[in-house]
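> I'd like to go over a predicted model; first the sequence, then the structure.
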Amino acid sequence: ILNWLWPLTLPLWLKVPAAILLLVASQYHFWSRLSSGSVFAPEFPRPLVILFNWAFGAILFLALFQIALDLVALMTALVRWRPVHIPDGARETAGGLAGLLAAVGVANALRVPPIRDVTVRIAGLPPSFEGYRLLQLSDLHVSKLFPTAWSQAMVTRANAAEADLIVVTGDFIDGSVDMR
(Lines give C-alpha, C1' and ligand atoms only; values in the text may rest on other atoms or scores of the structure.)
Protein backbone atom coordinates (compact mmCIF):
# COMPACT_ATOMS: atom_id res chain seq x y z
CA ILE A 1 0.00 0.00 0.00
CA LEU A 2 2.90 2.34 0.71
CA ASN A 3 4.09 1.65 -2.82
CA TRP A 4 0.75 3.07 -3.97
CA LEU A 5 0.42 6.03 -1.58
CA TRP A 6 3.90 7.54 -1.12
CA PRO A 7 4.76 8.08 -4.81
CA LEU A 8 1.54 10.09 -5.32
CA THR A 9 2.16 13.82 -5.68
CA LEU A 10 0.08 14.72 -2.66
CA PRO A 11 1.12 16.95 0.23
CA LEU A 12 2.49 15.17 3.29
CA TRP A 13 -0.40 16.46 5.42
CA LEU A 14 -2.73 14.32 3.26
CA LYS A 15 -0.46 11.30 2.92
CA VAL A 16 0.11 10.79 6.66
CA PRO A 17 -3.60 10.66 7.65
CA ALA A 18 -4.33 8.49 4.60
CA ALA A 19 -1.55 6.09 5.64
CA ILE A 20 -2.90 5.96 9.20
CA LEU A 21 -6.44 5.27 7.96
CA LEU A 22 -5.17 2.52 5.66
CA LEU A 23 -3.20 1.00 8.53
CA VAL A 24 -6.22 1.07 10.87
CA ALA A 25 -8.49 -0.44 8.20
CA SER A 26 -5.94 -3.12 7.33
CA GLN A 27 -6.12 -4.35 10.93
CA TYR A 28 -9.87 -5.04 10.73
CA HIS A 29 -9.51 -8.59 12.04
CA PHE A 30 -7.46 -7.37 15.00
CA TRP A 31 -10.14 -4.81 15.93
CA SER A 32 -12.82 -7.49 15.51
CA ARG A 33 -10.98 -9.83 17.87
CA LEU A 34 -10.67 -7.02 20.43
CA SER A 35 -14.40 -6.25 20.22
CA SER A 36 -15.72 -9.79 20.66
CA GLY A 37 -12.90 -12.27 21.06
CA SER A 38 -13.41 -13.52 17.50
CA VAL A 39 -12.28 -12.21 14.13
CA PHE A 40 -15.54 -13.53 12.67
CA ALA A 41 -18.01 -11.64 14.89
CA PRO A 42 -17.16 -7.95 15.14
CA GLU A 43 -19.28 -6.22 17.75
CA PHE A 44 -19.28 -2.73 16.31
CA PRO A 45 -22.25 -0.64 15.21
CA ARG A 46 -23.50 -1.78 11.80
CA PRO A 47 -22.30 1.31 9.86
CA LEU A 48 -18.79 0.79 11.23
CA VAL A 49 -18.81 -2.91 10.27
CA ILE A 50 -19.91 -1.93 6.74
CA LEU A 51 -17.19 0.74 6.53
CA PHE A 52 -14.53 -1.70 7.79
CA ASN A 53 -15.63 -4.34 5.27
CA TRP A 54 -15.53 -1.80 2.44
CA ALA A 55 -12.10 -0.48 3.47
CA PHE A 56 -10.64 -3.95 3.94
CA GLY A 57 -11.94 -5.02 0.52
CA ALA A 58 -10.62 -1.84 -1.08
CA ILE A 59 -7.17 -2.46 0.43
CA LEU A 60 -7.13 -6.01 -0.95
CA PHE A 61 -8.14 -4.85 -4.44
CA LEU A 62 -5.66 -1.98 -4.26
CA ALA A 63 -2.85 -4.38 -3.35
CA LEU A 64 -3.70 -6.54 -6.37
CA PHE A 65 -3.87 -3.53 -8.69
CA GLN A 66 -0.57 -2.17 -7.35
CA ILE A 67 1.10 -5.53 -7.98
CA ALA A 68 -0.25 -5.40 -11.55
CA LEU A 69 1.05 -1.83 -12.00
CA ASP A 70 4.44 -2.85 -10.62
CA LEU A 71 4.64 -5.85 -12.95
CA VAL A 72 3.79 -3.71 -15.98
CA ALA A 73 6.37 -1.11 -14.90
CA LEU A 74 8.97 -3.84 -14.36
CA MET A 75 8.34 -5.41 -17.77
CA THR A 76 8.47 -1.99 -19.43
CA ALA A 77 11.71 -1.15 -17.60
CA LEU A 78 13.25 -4.45 -18.70
CA VAL A 79 12.29 -3.84 -22.33
CA ARG A 80 13.50 -0.20 -22.33
CA TRP A 81 16.39 -0.96 -19.98
CA ARG A 82 15.69 2.10 -17.82
CA PRO A 83 13.48 2.86 -14.79
CA VAL A 84 9.80 3.56 -15.41
CA HIS A 85 7.68 5.94 -13.36
CA ILE A 86 4.07 4.90 -12.73
CA PRO A 87 1.98 8.04 -13.35
CA ASP A 88 -0.31 9.41 -10.64
CA GLY A 89 -3.28 8.86 -12.96
CA ALA A 90 -2.66 5.12 -13.03
CA ARG A 91 -2.36 5.01 -9.23
CA GLU A 92 -5.49 7.13 -8.78
CA THR A 93 -7.40 4.92 -11.21
CA ALA A 94 -6.27 1.84 -9.27
CA GLY A 95 -7.44 3.44 -6.01
CA GLY A 96 -10.78 4.50 -7.44
CA LEU A 97 -11.42 1.13 -9.05
CA ALA A 98 -10.47 -0.66 -5.82
CA GLY A 99 -12.93 1.46 -3.85
CA LEU A 100 -15.67 0.94 -6.42
CA LEU A 101 -15.23 -2.84 -6.59
CA ALA A 102 -15.21 -3.06 -2.79
CA ALA A 103 -18.44 -1.02 -2.67
CA VAL A 104 -20.09 -3.36 -5.18
CA GLY A 105 -18.94 -6.35 -3.13
CA VAL A 106 -20.29 -4.93 0.12
CA ALA A 107 -23.59 -3.94 -1.51
CA ASN A 108 -24.02 -7.48 -2.83
CA ALA A 109 -23.15 -8.97 0.55
CA LEU A 110 -25.76 -6.82 2.30
CA ARG A 111 -28.70 -7.61 0.02
CA VAL A 112 -31.07 -10.46 0.64
CA PRO A 113 -29.77 -13.11 -1.76
CA PRO A 114 -31.95 -14.21 -4.65
CA ILE A 115 -33.44 -17.67 -4.83
CA ARG A 116 -31.98 -19.86 -7.53
CA ASP A 117 -34.09 -22.78 -8.75
CA VAL A 118 -32.09 -25.88 -9.61
CA THR A 119 -33.68 -29.11 -10.81
CA VAL A 120 -31.83 -32.22 -9.67
CA ARG A 121 -32.59 -35.57 -11.24
CA ILE A 122 -31.67 -38.63 -9.19
CA ALA A 123 -31.88 -42.04 -10.81
CA GLY A 124 -33.75 -44.62 -8.75
CA LEU A 125 -35.43 -42.08 -6.49
CA PRO A 126 -38.72 -43.41 -5.09
CA PRO A 127 -41.80 -41.94 -6.83
CA SER A 128 -42.97 -40.46 -3.52
CA PHE A 129 -40.15 -37.90 -3.82
CA GLU A 130 -41.16 -36.77 -7.33
CA GLY A 131 -41.56 -32.98 -7.21
CA TYR A 132 -40.07 -32.80 -3.70
CA ARG A 133 -38.86 -29.26 -3.08
CA LEU A 134 -35.80 -28.64 -0.96
CA LEU A 135 -34.55 -25.18 0.01
CA GLN A 136 -30.94 -24.79 1.05
CA LEU A 137 -29.89 -21.69 2.96
CA SER A 138 -26.12 -21.50 3.18
CA ASP A 139 -23.67 -19.30 5.06
CA LEU A 140 -26.14 -16.76 6.43
CA HIS A 141 -23.60 -15.33 8.92
CA VAL A 142 -26.25 -13.64 11.07
CA SER A 143 -24.41 -10.86 12.90
CA LYS A 144 -24.54 -7.13 13.59
CA LEU A 145 -24.01 -6.69 9.87
CA PHE A 146 -27.49 -8.03 9.14
CA PRO A 147 -30.33 -6.33 11.03
CA THR A 148 -33.60 -7.95 12.06
CA ALA A 149 -35.26 -6.71 8.86
CA TRP A 150 -32.71 -8.66 6.78
CA SER A 151 -33.30 -11.85 8.76
CA GLN A 152 -37.07 -11.38 8.47
CA ALA A 153 -36.77 -10.88 4.72
CA MET A 154 -34.79 -14.14 4.51
CA VAL A 155 -37.51 -15.98 6.46
CA THR A 156 -40.26 -14.46 4.31
CA ARG A 157 -38.43 -15.38 1.10
CA ALA A 158 -37.76 -18.92 2.38
CA ASN A 159 -41.41 -19.42 3.36
CA ALA A 160 -42.59 -18.07 -0.01
CA ALA A 161 -40.60 -20.82 -1.74
CA GLU A 162 -43.02 -23.37 -0.24
CA ALA A 163 -40.30 -25.99 0.11
CA ASP A 164 -40.99 -29.43 1.55
CA LEU A 165 -37.73 -29.27 3.51
CA ILE A 166 -35.49 -26.34 4.45
CA VAL A 167 -31.84 -27.16 5.12
CA VAL A 168 -29.49 -24.62 6.72
CA THR A 169 -25.84 -25.32 5.90
CA GLY A 170 -22.57 -23.50 6.47
CA ASP A 171 -22.10 -20.72 8.98
CA PHE A 172 -25.45 -19.69 10.43
CA ILE A 173 -24.53 -17.24 13.21
CA ASP A 174 -21.30 -15.30 13.66
CA GLY A 175 -20.35 -15.14 17.33
CA SER A 176 -22.49 -16.54 20.10
CA VAL A 177 -26.28 -16.78 20.15
CA ASP A 178 -26.29 -14.44 23.17
CA MET A 179 -24.69 -11.73 20.99
CA ARG A 180 -27.55 -11.91 18.52
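Perfect, I can see it now.
> Looks to me like I166 is in a strand.
Yes. Secondary structure of I166 (DSSP: H, G, I helix; E, B strand; the rest coil): part of a strand.
> Any idea what Q136 is bridged to?
For Q136, the beta-bridge partners are V167 (DSSP bridges).
> Surely it is in contact with A163?
No. At 9.0 Å, Q136 does not count as touching A163 under the criterion of C-beta atoms under 8 Å. Every residue, glycine included, has its C-beta placed from N, CA and C.
> Looking at those two, which one has more neighbours?
A163 (16 against 13; other C-beta atoms under 10 Å).
> Is that one in a helix, a strand, or coil?
Applying three-state DSSP: A163 is coil.
> Can you tell me how far V49 is from T76?
Distance, V49 to T76, by C-beta to C-beta, to the nearest Å: 41 Å.
> And those two? Which one has more around it.
The residue with more neighbours, out of V49 and T76, is V49; 20 against 13, by other C-beta under 10 Å.
> Please name the nearest non-neighbouring residue to L137.
Taking C-beta to C-beta, 6 or more residues apart in numbering, and ignoring the residues beside it in sequence, L137 has V168 as its nearest neighbour in space, at 4.9 Å.
> Equivalent analysis for A58, please.
Here the residue nearest A58, using C-beta to C-beta, 6+ apart, is A102, at 3.9 Å.
> What's the local residue count around that neighbour?
The number of residues packed near A102 is 20, by other C-beta under 10 Å.
> Next: P126.
For P126, using other C-beta under 10 Å, the count is 8.
> Could you check how far it is from E162?
21 Å.
> Roughly how far does L48 sit from R91?
Counting by C-beta to C-beta, the gap from L48 to R91 is 28 Å.
> Tell me which of the two has more neighbours.
Set L48 next to R91 and count neighbours by other C-beta under 10 Å: R91 wins out with 20 against 13.
> Which helix or which strand is home to the more buried one?
Here R91, judged by DSSP states H and E, is contained in helix 88-110.
> you'd agree K144 is up against P47?
No. In this structure, K144 is not within contact of P47 by C-beta under 8 Å, at 10.1 Å.
> Good, wrapping up.
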